[in-house]
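Novice: Take a look and give me a structure for this.
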Amino acid sequence: MSKGGKKSAAPADETLSAVALEVTSIPTLVLTLQSTEVDVLGKTCDALEAYASKGEKNIETVVHANAVEPLCNLLVSEDLGVKHRASLCLSTLCQSLTARLALKGSLTDTLIQNMLPLTTAGAPAVGQENAMATFAHLSKNFSFRRNLLAGGVIPAACELLSSTTPTLLKAVLECLLALAQDYKSRNAIADVAPYAALLPHLSSDYREIQELGIQLVALIATSELCRHGLYDAGVLQLLISHVANQDFKPTHEPALRALSSMLHEPQALERIGTPPADGSQPPLEMLVGFLKSTDVAVKIEALNCIRVASFSAENRRLLTAYSSELAVVAQLTPDDPKQPVNVQLSLAATATLTSLAASKTSAQIVAGSDVYARLLKLSSHDDPTLVASAVESTAVLLASNPKAATRAIEVGFYPRLLQLLATTEPEHAESRMQATSCLASISSNSDNITTFEAQSPVEFLVRTVTNTKALLDHVEYALASLANLTQHTQFLEEFKRLAPFDAISQRVNTRHDGVRRAAARLVATLSADPPIAAALFHSGILEPLQDVARSLPHSSASITSAINSVLDSNLSAKYAMQDRLTASDKITSLFYDVGKLPATQNVPPLSSLFELPISHQRAYILVNIAGVTSEPAANLASIPTDPKLISLVEHATNSLAGLEPQSKITRLAELVAQRMGGALSTQQQKQTFFQLEFAELKMDLESCVIPIGSVTRSGMTHRALLFKVLADQVGIGSELVRGDFGRAYNVVYTPECHVVDVTMEPGRLFRVPSANHLKTHDPFI
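Specialist: Numbering: from 1, shown residues only. Okay, here's the model as predicted:
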């Protein structure tokens with residue numbers, strides 16, 4: 001009590017009573033995440049999560065209020081409830097790309113580092129679920145997948161596969177499925193090898209978990225390491241048993257899709273094709289049996305499994321053991337002709353048949369069935385894709401087994417092929433190509449040629465070859481068909497009338513190897529006809545053939561054959577390129593000698609030589625033994641005749657009459673030497689006195705092209721050519737071989753191989769091992 005008798009004042013109470021606040025602003029609410037009150041933090045996380053879960057716009061609002069970083073910090077709160085509520089809120093936010101982008105940089109590692117402890121074994125399922133859901137959302141971005149992989153999320157997720165909580169399993173599978181999009185993540189899964197924990201979920205009572213597990217199996221099976229681990233865990237047999245179980249019918253399709261992702265390996269098919277030790281039905285037999293299912297979707301996926309497996313020759317042999325070919329044929333069309341075709345099922349069946357038919361054995365097996373009748377029906381369908389697929393199957397079957405072409409012809413396939421060839425619609429481009437492939441196979445057997453006589457396909461085929469917009473594979477098949485057909489007179493004459501020689505030259509020079517080979521083969525076939533061979537040569541076919549031959553890293557039999565065929569019809573080019581004419585190469589028409597050409601230089605046409613100025617440094621010898629005055633195909637309106645050569649041939653014929661073979665050779669050599677200025681010494685051969693005569697002849701004729709009959713003084717090269725020309729006319733077998741340094745030789749067989757001297761000792765024969773010996777040795781030295 002105070003002196004004045006008044007009571008003293010009580011001490012002040014500094015405690016603030018609780019005040020209930022109503023927060024209506026997200027930025028203000030985010031500020032409360034800095035509170036130290038557990039209750040406030042929990043309610044704030046709940047409020048933010050409830051708001052964000054209402055839509056993308058709300059999530060953006062929360063993210064722009066900078067809520068992500070404080071939420072990440074709350075993941076290390078000492079209060080478990082706060083951790084879980086913060087993880088749930090982050091899981092909701094991370095569904096949005098906006099939120100994920102806000103985590104860029106060091107904040108990503110902070111989130112992973114803070115959230116990963118929630119996934120440890122024994123931790124509450126709610127935290128594990130939230131963490132896995134967050135990781136799954138983050139895995140949608142490639143950059144985050146790298147962070148998650150480095151942060152150790154995959155081992156943690158694989159560890160949780162043993163959980164029995166459906167919601168947690170769903171989150172774990174979604175997380176692994178998202179992460180496994182990256183091949184490094186699949187390799188990380190292989191390191192953990194969680195197959196024993198994963199596979200039981202394929203038979204889960206929860207359909208969603210089944211589907212996720214099957215999808216994950218299909219995805220990780222793209223990794224060889226994972227795939228082999230799955231094999232050892234029995235995934236192949238499990239998937240087939242899964243499809244056989246009608247309780248799992250809703251997931252039969254994805255199960256078969258997962259199975260198809262592995263059957264390309266012989267190891268996989270061998271595992272399901274080997275009969276079980278207990279005598280039960282082999283899984284592969286069960287798989288083929290799925291083609292009899294009443295569920296069309298299952299049949300389609302089963303066909304896809306067989307198609308994938310049949311890419312391997314080893315697998316095709318195993319599939320044949322289980323009669324898969326005929327089972328596939330049965331799916332092409334309904335057995336009841338009144339039933340409509342199921343386009344998707346027929347597409348799957350034709351694609352599978354095409355793959356199987358790569359095997360000759362499989363093609364032979366189905367040839368005895370009604371396969372061609374079924375394919376003909378499909379080729380007449382109104383769906384362009386199905387038509388193309390059916391005709392492709394037919395093409396592959398015929399290519400693998402050409403003898404079966406009679407079967408296709410018998411059911412009426414040829415008229416349908418012509419109809420397809422006649423179409424011009426873009427949607428039938430693939431069908432036209434495959435129809436042409438069928439013709440190539442059918443025409444490869446001469447027994448089938450009568451099929452084409454009623455209505456020739458040559459015009460359609462030429463149209464394809466000349467169409468610059470045609471698919472190159474289509475062009476290849478057209479060229480192959482023409483190469484087969486033009487071996488027969490009827491079709492060769494039709495081809496002559498169409499005369500697509502320029503187009504063939506262009507096709508030879510394409511970069512498409514198949515087109516190039518087919519065009520070269522056609523050239524080789526056509527060159528057996530001299531007029532066509534000449535037309536091809538004058539169209540410039542030799543130049544692209546040479547260019548292709550030089551560009552290839554190794555020799556091509558088709559290109560070499562084509563070049564030889566063209567050269568056999570044009571001896572001028574043959575001598576220029578190969579420096580040799582054999583005894584069978586008879587100079588009976590126009591011939592000109594351009595000399596020895598470098599390997600990189602093409603043979604100039606005769607027309608270009610007539611256009612050269614007479615000041616050109618060299619003369620070109622012309623042999624016009626047939627008296628040709630013009631050749632329009634070679635752009636030659638006027639060609640000088642050579643009456644002096646004709647007179648010389650008559651003189652040689654008369655001079656050699658009645659002589660023995662060897663005496664004829666000697667006498668002919670003497671005649672040639674006399675005509676060309678007599679015998680020459682070695683020293684005289686080194687001189688170039690005869691060049692003066694060529695210069696005078698060029699002036700007199702006003703041309704660089706000189707008829708050989710006009711030449712009266714010359715060295716070895718022109719003498720050897722004249723001997724060859726005369727020998728061909730009087731019936732003496734002679735080869736003309738060009739050597740180096742202006743040398744040329746005449747080779748005769750008596751029957752030993754000899755070189756005829758027409759220069760120093762005219763008429764003398766020198767024995768040589770072979771004509772090839774002259775490439776490196778001079779017999780006169």
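
Novice: lowest average confidence, helix or strand, in the protein?
Specialist: Least confident helix or strand, the chain: helix 682-686 with a mean of 64, by mean pLDDT, DSSP states H and E.

Novice: Tell me the first helix or strand C-terminal of that helix.
Specialist: Next helix or strand after helix 682-686 toward the C-terminus (DSSP states H and E): helix 690-701.

Novice: right, and the helix or strand after that next one?
Specialist: Scanning forward in sequence from helix 690-701 by DSSP H and E, the next helix or strand is strand 705-707.

Novice: So which residues make contact with the helix or strand just after that following strand?
Specialist: Sequence-wise, the next helix or strand downstream of strand 705-707 (DSSP H and E) is helix 716-730. Helix 716-730 is contacted by residues 581, 586-588, 591, 593, 621, 623, 625, 645, 648-649, 652-653, 656, 664, 668-669, 671-673, 675-676, 685, 708, 711, 733-736, 738, 742-746, 748, 756, 758-759 when judged by CB atoms under 8 Å, 6 or more residues apart in numbering. No exception for glycine: its C-beta is placed from N, CA and C like everyone else's.

Novice: again with stretch 479-487
Specialist: Here stretch 479-487 makes contact (CB under 8 Å, 6+ apart) with 436, 439-440, 443-444, 446, 449, 452, 456-458, 461-462, 465, 491-492, 495, 504, 507, 515, 518-519, 521-522, 524-526.

Novice: What subset of the contacts of helix 716-730 is buried?
Specialist: 581, 586-587, 591, 593, 621, 623, 625, 645, 648-649, 652, 656, 664, 668-669, 671-673, 675-676, 708, 711, 733-736, 738, 743-746, 748, 756, 758-759 (16 or more other CB atoms under 10 Å).

Novice: Strands - which of these land there?
Specialist: Using DSSP state E, the members of these that fall in strands are 581, 591, 593, 621, 623, 735-736, 738, 744-746, 748, 756.

Novice: and which of those is nearest residue 64?
Specialist: Taking CB to CB as the measure, residue 64 lies nearest residue 738 of these, at 87.4 Å.

Novice: Quick one: low-confidence residue ranges for the stretch 1-150 of the chain.
Specialist: Applying pLDDT under 70 to the stretch 1-150 of the chain flags the ranges 1-21, 23.

Novice: let's go with 50 and repeat that
Specialist: Where the stretch 1-150 of the chain drops to pLDDT under 50, the residues are 1-6, 19.

Novice: just the helices in it please.
Specialist: 26-31, 38-52, 56-64, 68-74, 80-93, 97-102, 106-115, 125-138, 142-150 (DSSP state H, counting those that start in this stretch).

Novice: Just the C-alpha atoms of the first one, please, in PDB.
Specialist: Only the C-alpha atoms of helix 26-31 are listed here, as PDB (Å, rounded to 0.1, in the frame of the first residue of the first chain):
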ATOM      1  CA  ILE A  26      -2.400 -15.600 -52.500                       C
ATOM      2  CA  PRO A  27       0.800 -13.500 -52.100                       C
ATOM      3  CA  THR A  28      -0.100 -12.800 -48.500                       C
ATOM      4  CA  LEU A  29      -0.900 -16.500 -47.900                       C
ATOM      5  CA  VAL A  30       2.500 -17.400 -49.300                       C
ATOM      6  CA  LEU A  31       4.200 -15.100 -46.800                       C
END
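
Novice: How far off centre is that helix?
Specialist: 61 Å (CA atoms, centre = their mean, to the nearest Å).

Novice: How about it, which residues are buried there?
Specialist: Buried residues in helix 26-31, counting neighbours by 16+ other CB under 10 Å, are found at 26, 29, 30, 31.

Novice: and which of those residues is nearest to residue 778?
Specialist: When those are ranked by distance to residue 778 (CB to CB), residue 30 comes first, at 101.4 Å.

Novice: Verify the stated contact: the closest one with residue 65.
Specialist: Yes. Using CB atoms under 8 Å, residue 30 is in contact with residue 65, at 4.5 Å.

Novice: what's the spacing between residue 535 and residue 542?
Specialist: 12 Å (CB to CB, to the nearest Å).

Novice: again with residue 757
Specialist: From residue 757 over to residue 542 (counting by CB to CB), the distance is 34 Å.

Novice: Give me the more crowded residue out of the two.
Specialist: For residue 757 versus residue 542, the count of surrounding residues by other CB atoms under 10 Å is larger for residue 542: 25 against 22.

Novice: Can you report phi and psi for the more buried one?
Specialist: Geometry field for residue 542 lists phi and psi as phi -70, psi -40, criterion degrees, to the nearest 10.

Novice: Let me see the confidence value for it.
Specialist: pLDDT recorded at residue 542 is 82.

Novice: show me the contacts for it.
Specialist: When contacts are counted by CB under 8 Å, 6+ apart, residue 542 is found next to 563, 566, 567, 570, 573, 602, 603.

Novice: Could you dump these into CSV with pLDDT and distance to residue 141 added?
Specialist: Converted to CSV, the contacts of residue 542 look like this (pLDDT from 0 to 100; distance: CB to CB, whole Å):
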residue, pLDDT, distance to residue 141
563, 82, 58
566, 83, 62
567, 86, 64
570, 86, 67
573, 88, 65
602, 76, 59
603, 82, 64
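
Novice: Which one of the residues you listed is nearest to residue 220?
Specialist: Taking CB to CB as the measure, residue 220 sits nearest to residue 563 out of the contacts of residue 542, at 53.8 Å.

Novice: so what secondary structure elements neighbour the helix or strand encompassing that closest one?
Specialist: Secondary-structure assignment from DSSP H and E places residue 563 in helix 557-568. Under the contact criterion of 3 or more CB pairs under 8 Å, 6 or more residues apart in numbering; DSSP states H and E, helix 557-568 touches helix 513-526, helix 530-538, helix 542-551, helix 571-578.

Novice: Now do the same contact list for residue 248.
Specialist: 203, 210, 242, 255.

Novice: host element of residue 178?
Specialist: Following DSSP H and E, one finds residue 178 within helix 166-179.
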